[in-house]
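Asker: need the 3D shape of this:
(3 chains)
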Amino acid sequence: MWNDLLMGSPVYLSAALAIIIILVDAFSGKNKSLTFYFALISLIAVGILSAYTMNMHGQPVPEGGFSNGMIAYGGISAVFDILFVIAGILTLFASQSYMRAQNVERKEFYSLILFAVCGMSTIAHANNMLILFVGIEIMSITFYIMAGFFRERFTSVEAALKYFLLGAFATGFLIYGMALIYGATGGLLDFEAIGAKMLTGNVDFLYLRIGFALLIVGLSFKVAAFPFHQWAPDVYQGAPTMATGFMSTAGKAAALAALILVTKAMLPSNFDPALISDKIIEMTDFTTDAKWLIAIISALTMLVGNISAVVQKNVKRMLAYSSVAHAGYLLMGIVSNSINGWSGIVFYSMAYMFMQIGAFVVVGIIEKNDGRMDLKDYTGLSKTNPMLAAIMGIFMFSLAGIPPFGGFPGKYMLFIAAIESGFTWLTIVAVISTIISIYFYIGLIVYMYFKDSETPMTEKFGFSKATLTLVISTIFVILLGIFPTYLIDLVKGLF
Amino acid sequence: MLVDYLPVFIMIALGAIVGVAFLFGSEYLGARRSTKVKQSTYESGMIPRGTARNRFTIKFYMVAVSFLIFDIEVVFMYPWAVQLREIGFTAFWAMLVFIVILFVGYFYELKKGGFEWD
Amino acid sequence: MQAIPIEYYLVLSGIIFSIGTIGVITRRNAIIIFMSIELMLNSVNLTFVGFAANFGDSSGQVFVFFVMSVAAAEAAIGLAIVIALFRIKQTVNVDEINILKW
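Answerer: Residues are numbered from 1 along each chain as shown, chains lettered A, B, ... in the order given. Predicted coordinates for the structure are as follows:
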């Protein structure tokens, strides 16, 4: 029983600390830094425990005990935990200086980060659809609050309302899908049991198809994939910039973790032909159709995201559309439905997390009073703030997938995984949309370095905690670009 | 098997007929004397004043949300109460943890001034 | 006593789910949209309970409790957001909420 507690500790600890931070928040009065440091220490503790439990995967999930087999341990869940914790810490540092710069520091934001991390690690550790649902809801509800955190700004509240209504709508689809899968498999919620049942082929394929499609619809909303991406640009533009950075990276990674769990259980790649001789045609049909469904979503997401980003004038909105496009790239890993694809997702969402949060931190440093986010506001940045411009340039190159930076190996892995699984056309679409994306990423660099305007950026930006976030992100973007094999090998060994 | 439900259908039909009959009966047979009292919103009740389209103060919203949360969370206690004897102390401690978490939420609301309604 | 087949539950919950979905798409008042979403969640509850009764398995019913409490939490957040919106803009009509392109 105690071993059980230890192995699931990232989930339990993040939940317990999230509850305690409420009390810290309530009883610390006007002291804001106490909540800040409590959140920081909590995130570090969760991160350490995740790293510690990382190698405990492969052990059978014990029945009974604390989780009753509902929580998966170690392995890839722990890697996702570390991703969420790093995203949380980076956001924590950046949000403090961001909120101070906007003159609206409220300590609730720090506890919300911890809550979101709790929800996301619940998703990553889910071994049961119920836990998955609860985790997705903890995360989503926290994000609704984060989006509307600047409650006196209309843009922020508008973003929150749109996110809330569409997110709750998506939740409806998500759980209807879960209900039908529950029915199709004869009363199973457990992913391992569903996977085993799928191998026997003893399921109701009508319910299964509808349920799976609805589940994909619900999760597509959460990763902001076409045709359910319309909320993303509005929400990402209106929400506080640090919340956007957090939602569009860690939130997307969590939704992808959920997709990995679902597809891993429901699309078995190596079923035994003898076992399901009469059902094998239906079974192959189902897996092929499911993969094609996700492949089409993925292809359209990339194209729509990148093409819409080209015409944007607002940098935050441009990054939002690029985030939609990146959801498309990441879905390629789900399509490939193999260890290579999944580890590509983990690697790329890690690299993407650093570069996207970094880019949003730069946007947050430059923005002022809900304005100064247009492309033309970035002219002359290289002259007044050469370091900031250089860092933004690195993030843009990395997001475009240009070699020495972290975006390249991730994209490469995903492209190769898609080709290996027979979706060469998807890779061709991805390459085309990457080429389109270079146009607007480089466009921002052109504005920063080579354009003149009558109102160039004159303000100089000093050091703050956000600088720390930028430094960490830059270092990791470069490290992941130069030494990708270390993380790739680690992740591949954990599936 | 549908015949088994025949009494129910007869009941529904009777109800509908009687209801409609009374409606039209009173329409044709009843006297109509419209007075000011009869036209008022609550004929034998209090006399309404002001408009119904007032805004409510924000206190009611706080009450509504607190009620919503604490009321719905009790839903977990019904199955727990039914099964407590069978599951034993595991269920007891689990519910204790649950209630402690609810209390944390309660204290938070208290400290943040959620119950200061004046 | 003959048990009602599972399809009946599914058809009913499918109809309710569709009504909810259509409500979300066509209505313009944020509160009514949210009510339609609650209708969708309740149809899911019906599906779960129907399947759970059919299989004689209680985990579907447990799921329903979680859906209910999550719906309550969502309702609280939704009301808070709508009130914050109303304080700024004095409207709950989603057509008038369009500073950001919808």
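
Asker: for the residue of chain C found nearest chain B, give me its contacts.
Answerer: Here chain C gets closest to chain B at one residue, residue C:72, 3.5 Å apart by C-beta to the nearest C-beta. C-beta coordinates here come from the backbone N, C-alpha and C atoms, glycine included. If a contact means C-beta atoms under 8 Å, 6 or more residues apart in numbering or on different chains, then residue C:72 has B:68, B:69, B:71, B:72, B:73 as its contacts.

Asker: got a list of what the first one touches?
Answerer: When contacts are counted by C-beta under 8 Å, 6+ apart, residue B:68 touches C:72, C:75, C:76, C:79.

Asker: list just the nearest of these to residue B:90.
Answerer: For residue B:90, the closest of the contacts of residue B:68 turns out to be residue C:72, at 25.6 Å, with distances computed as C-beta to C-beta.

Asker: what helix or strand is that closest one located in?
Answerer: helix C:59-89 (DSSP states H and E).

Asker: how far away from the center of its chain is that helix?
Answerer: Remark: helix C:59-89 is offset 10 Å from the chain centroid, using C-alpha atoms, centre = their mean, to the nearest Å.

Asker: buried residues, that helix. List them.
Answerer: For helix C:59-89, burial by neighbour count (16 or more other C-beta atoms under 10 Å in any protein chain shown) applies to C:59-60, C:62-82, C:84-85.

Asker: who in the stretch 151-300 of chain A is up against chain C?
Answerer: In this structure, the stretch 151-300 of chain A approaches chain C at residues A:151-152, A:154-155, A:157-162, A:164-165, A:168-169, A:171-172, A:175-176, A:178-180, A:182-183, A:186-187, A:189, A:230, A:233-234, A:237-238, judged by C-beta under 8 Å from any C-beta of the partner chain.

Asker: which residues touch the helix or strand of chain B with the lowest mean pLDDT?
Answerer: Across the helices and strands of chain B, the lowest-confidence element by mean pLDDT, DSSP states H and E is helix B:36-39, at a mean of 75. Residues lying outside helix B:36-39 but in contact with it, judged by C-beta under 8 Å, 6+ apart, are residue B:43.

Asker: same question for stretch B:94-103.
Answerer: By C-beta under 8 Å, 6+ apart, the list of residues contacting stretch B:94-103 from outside reads A:19, B:70, B:73, B:76, B:77, B:80.

Asker: of the residues you listed, grab the buried ones for ChimeraX.
Answerer: A single ChimeraX command is used to select the members of the contacts of stretch B:94-103 judged buried by 16+ other C-beta under 10 Å:
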select /A:19 /B:73,76
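
Asker: and chain B, which of its residues are near chain A?
Answerer: Counting by C-beta under 8 Å from any C-beta, chain B comes close to chain A at B:101, B:104, B:105, B:107, B:108, B:110, B:111, B:112.

Asker: now with 6 Å?
Answerer: Chain B comes close to chain A at residues B:101, B:104, B:108, B:111, as judged by C-beta under 6 Å from any C-beta of the partner chain.

Asker: buried subset of these, written for ChimeraX?
Answerer: To isolate the buried ones among the residues of chain B next to chain A in ChimeraX, judged by 16+ other C-beta under 10 Å, type:
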select /B:108,111
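
Asker: which SS class is residue B:33?
Answerer: Reducing the assignment to helix, strand or coil with DSSP: H, G, I helix; E, B strand; the rest coil, the entry for residue B:33 is coil.

Asker: what is the neighbour count of it?
Answerer: Applying other C-beta atoms under 10 Å in any protein chain shown, we find 6 residues neighbouring residue B:33.

Asker: now do the same contact list for the residue in chain B positioned nearest to chain C.
Answerer: Ranking the residues of chain B by distance to chain C (C-beta to the nearest C-beta) places residue B:72 first, at 3.5 Å. With contact taken as C-beta atoms under 6 Å, 6 or more residues apart in numbering or on different chains, residue B:72 is in contact with C:69, C:72.
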